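Enquirer: quick one: sequence plus predicted model below, questions after.
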Amino acid sequence: MAALAREIGFSVPANYNASRLLWDNLATNNQRRAILSDNGNFTYGQLAVEAAKIGNALLQAGCKPRDRILLFLNDEPAYPAAIMGALRAGFVPVLINTLTPSDLIRYCLEDSKATAAVVSKDHTELFTREAITGTECHTVIVSAATQPWAMMESELAEYPTTAADMAFWMYSSGSTGKPKGVVHQHEDALYTAWSYARHILKINQNDVCFSVPKIFFAYGFGNSITFPMSVGAASVLMAARPDPTRIYEHIDRYRPTLFFGLPTLYNALIGAESAKQANLSSVRLCVSAAEILSKELSKAWQDQFGHAIVEGLGSTELLHIYLSNTEQQQKSGSAGKPVPGYSVRLETSDGLEALEGEEGVMAVRGLSGATHYWNRPTNTAKTMRNGWIYTGDRFICDQEGFYFFKGRADDLIKVSGQWVYPLEIELALNEHPMVAASCVQALELADKRFTIIAWVVLAVGIAQHTKIEQALQSHTKRMLLPHKYPREIIVLHELPKTGTGKIDRQLLKAGYGEPNLQSTD
């Protein structure tokens, strides 16, 4: 691990607190813009004052060092302030998806034993006295137009922590079971800045970052907080749910230079009527992660705006992107090459390192890797092994060192007596000019057999007709093998999304057969 850190010149003192990402800007960037938003703009000096006041409010409420503080906030200035103020006071902020339902909020409160919560005003109904009764949470602080911490002291001493101390958590949006608390250390965030932000983004003080993926998402946390703070740059925050018109308005108003999205978001943006008048002249780099970016979508975006989208892959466990293409080196459909500061290997089912072109399950190591899941020793033992994070993703690596995603290790299912990976059918569908986006999954039938279902959004200008299903089935058979095709194709106006902007595969599977998730004809 030390060799990987040396590769990027990374070092932090043994005694280190992650709130220095903000406070270290005060000497030279005190008056520089830190946050740009419709909820107000903040300089670095003003943001540090806000952070100190929130930290002092939590101290006054009786929170003790190492206490978990649950953050249920929209992307507003109070969010980075709450994170940094909690860190500086020695607390452990726990970032929660704002689309989390009440039963899972209760689960997170009980699992983390959070003693306080900081909540945006429009989420207060989820944190009533009745909702928190029986948990360790004794204080709920509501972020509103008149902030409840306004009269607190504006100075806050840094609580002594080490670089390896527990700093913050994010609950993973796992595909099955309850979400897992991913525990990160104080050095982890800064490491992602030294690796990805410096080497891939080449971020500098004059950049303005705009991440549509939210701060509670590890990807958004780096884009909106860690990376701009690491160099004294600015961050655009959008509190509202994203829609194309609002996103284009923010780009026009705040003129970001770095834009971060997801394939599903880019697809919605390029297909929106507002795209015709959109002005992205300020943007120097567009980034995508979390899902595979199709060749057609990438080309459509570049044709419209003149920007190639730089695709990468990261995870909550590694905190940000560890595989990435670059502006200079790109391969369509590839997650890219290892980001400096990370080591990647593929393991076969025999536990051997995969050969060039041979499939294997990916393991990643780097200093930003989480050490464990909270209260989940079995999951920890399975995923975190000897400094490596085992992702459960199957990849191949080509002769030029580019990695290509082939599906989850546990996705292989047998249909009509033959083995199929649903993802390869999905990728084939996405290459068809009639398809804007798709989701392909295996569903178990009543007799325990499996079938393949595809949910498809048609490209702009394509009208639904009876021959679409046959055309798309024939396409996948030609691209793959005759048995690798969707047995049923359901056309939707749009694919449902999770709070992190990914396709909500669980919802599609659970809703199969329901009218609102059936064909649009």
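Expert: Noted; the coordinates are in hand.

Enquirer: tell me which stretches of the stretch 301-450 of the chain form helices.
Expert: 377-383, 422-430 (DSSP state H, counting those that start in this stretch).

Enquirer: please identify the most buried of those.
Expert: Most buried of the helices of the stretch 301-450 of the chain by mean neighbour count (mean count of other C-beta atoms under 10 Å) is helix 422-430; its value is a mean of 23. Where C-beta positions appear, they are placed from N, C-alpha and C, glycine not excepted.

Enquirer: what comes into contact with that helix?
Expert: 292, 294, 296, 333, 405-408, 411, 413, 435, 437-442, 452, 454, 456, 472, 475-476, 479-480, 484-486 (C-beta atoms under 8 Å, 6 or more residues apart in numbering).

Enquirer: change it to 6 Å
Expert: The set of residues external to helix 422-430 that reach it, using C-beta atoms under 6 Å, 6 or more residues apart in numbering, is 294, 407, 435, 438, 440, 441, 442, 476, 479, 480, 484.

Enquirer: what's the most distant pair in those?
Expert: Spatial extent of the contacts of helix 422-430 (C-beta to C-beta) is set by the pair 294 and 442 at 21.2 Å.

Enquirer: the more surrounded of the two?
Expert: residue 294 (23 against 18; other C-beta atoms under 10 Å).

Enquirer: residues in contact with that one?
Expert: Applying C-beta under 6 Å, 6+ apart, the residues near residue 294 are residue 430.

Enquirer: now do residue 437
Expert: Counted by C-beta under 6 Å, 6+ apart, residue 437 has contacts 267, 457, 495.

Enquirer: make it 7 Å
Expert: By C-beta atoms under 7 Å, 6 or more residues apart in numbering, the residues touching residue 437 are 264, 267, 430, 457, 495.

Enquirer: run through who's touching stretch 343-362.
Expert: With contact meaning C-beta under 7 Å, 6+ apart, stretch 343-362 is reached by 4, 323, 338, 363-366, 390-399, 406, 409.

Enquirer: and if we set it to 8 Å?
Expert: When contacts are defined by C-beta under 8 Å, 6+ apart, stretch 343-362 is touched by residues 4, 322-323, 338, 363-366, 388, 390-399, 403, 406, 409.

Enquirer: report the buried residues of that stretch.
Expert: For stretch 343-362, burial by neighbour count (16 or more other C-beta atoms under 10 Å) applies to 343, 344, 346, 347, 354, 359, 360, 361, 362.

Enquirer: now stretch 301-312
Expert: By neighbour count on 16+ other C-beta under 10 Å, the buried set for stretch 301-312 is 301, 305, 307, 309, 310, 311, 312.

Enquirer: between these, which sits nearest residue 110?
Expert: Closest approach to residue 110 among the buried residues of stretch 301-312 (C-beta to C-beta): residue 312, at 34.6 Å.

Enquirer: so the closest one sits against residue 334, correct?
Expert: No. Assessed by C-beta atoms under 8 Å, residue 312 is found out of contact with residue 334, at 9.9 Å.

Enquirer: shared neighbours of the two, anything?
Expert: Joint contacts of residue 312 and residue 334 (C-beta under 8 Å, 6+ apart) are residue 325.

Enquirer: sorry, back to before: what about the contacts of residue 437, which are in helices?
Expert: 264, 267, 430 (DSSP state H).

Enquirer: lowest pLDDT pick from the residues you listed?
Expert: Minimum pLDDT for the ones in helices among the contacts of residue 437 is recorded at residue 264 (81).

Enquirer: how far away is that residue from residue 270?
Expert: Using C-beta to C-beta, to the nearest Å, one obtains 11 Å as the distance from residue 264 to residue 270.

Enquirer: with residue 172 instead?
Expert: Applying C-beta to C-beta, the value for residue 172 to residue 270 is 29 Å.

Enquirer: what is residue 418 paired to in the beta sheet?
Expert: Assessed by DSSP bridges, residue 418 has beta-bridge partners residue 415.

Enquirer: ok, residue 390 next?
Expert: Under the criterion DSSP bridges, residue 390 forms beta bridges with residue 363.

Enquirer: so what's it up against?
Expert: The contact partners of residue 390, by C-beta under 8 Å, 6+ apart, come to 361, 362, 363, 382, 383, 384.

Enquirer: what's the closest of these to residue 216?
Expert: Looking across the contacts of residue 390 and measuring by C-beta to C-beta, the closest to residue 216 is residue 383, at 20.5 Å.

Enquirer: the helix or strand hosting residue 182 packs against which elements?
Expert: Assigning secondary structure by DSSP states H and E places residue 182 in strand 181-185. With contacts taken as 3 or more C-beta pairs under 8 Å, 6 or more residues apart in numbering; DSSP states H and E, strand 181-185 sits against helix 102-112, strand 166-171, strand 372-373.

Enquirer: among those, which comes closest to residue 465?
Expert: Closest to residue 465 of the helices and strands packed on strand 181-185 is helix 102-112 (C-beta to C-beta; 41.3 Å).

Enquirer: now the angle from the next helix or strand after the closest one to helix 102-112?
Expert: Next in sequence after helix 102-112, counting helices and strands by DSSP H and E, comes strand 116-120. Interaxial angle of strand 116-120 relative to helix 102-112 (axes from the mean of the first three to the mean of the last three C-alpha atoms, to 10 degrees): 150 degrees.

Enquirer: to the chain's geometric centre, what's the distance from strand 116-120?
Expert: Computed by C-alpha atoms, centre = their mean, to the nearest Å, the chain-centroid distance of strand 116-120 equals 21 Å.

Enquirer: would you agree residue 477 falls within a strand?
Expert: No. Under DSSP: H, G, I helix; E, B strand; the rest coil, residue 477 sits outside any strand and is assigned helix.

Enquirer: let me know whether it touches residue 487 as I believe.
Expert: No. Counting by C-beta under 8 Å, residue 487 is not a contact partner of residue 477; they are 11.9 Å apart.

Enquirer: show me which helix runs longest in the chain.
Expert: When the chain is parsed with DSSP H, its longest helix is helix 44-60.

Enquirer: now do it: everything it contacts.
Expert: With C-beta under 8 Å, 6+ apart as the test, helix 44-60 has contacts from 19, 22-23, 25-26, 29-32, 34-35, 42, 69, 77-78, 80-86, 88-89, 91, 116, 118, 139, 141, 147-150, 152-156, 232.

Enquirer: pull out the buried members of those residues.
Expert: Neighbour-count burial (16+ other C-beta under 10 Å) applied to the contacts of helix 44-60 gives 19, 22-23, 25, 29, 34-35, 42, 69, 77-78, 80-86, 88-89, 91, 116, 118, 139, 141, 147, 149, 152, 156, 232.

Enquirer: where do the domain boundaries of the chain fall?
Expert: 17-186, 413-517 (automatic domain parsing).

Enquirer: in a markdown table: those domains, plus distance to residue 207.
Expert: Listed next are the domains of the chain as a markdown table, based on distance: least, C-beta to C-beta, whole Å:
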| stretch | distance to residue 207 |
| --- | --- |
| domain 17-186 | 11 |
| domain 413-517 | 22 |
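
Enquirer: now residue 509. Nearest residue, chain neighbours left out?
Expert: In space, and not counting its chain neighbours, residue 509 is closest to residue 441: 5.6 Å by C-beta to C-beta, 6 or more residues apart in numbering.

Enquirer: can you pull up the bridge partners for the one you found?
Expert: residue 453.

Enquirer: contacting residues for it?
Expert: 422, 452, 453, 505, 508, 509.

Enquirer: for the second one, give its distance to residue 496.
Expert: Using C-beta to C-beta, residue 452 is found at 19 Å from residue 496.
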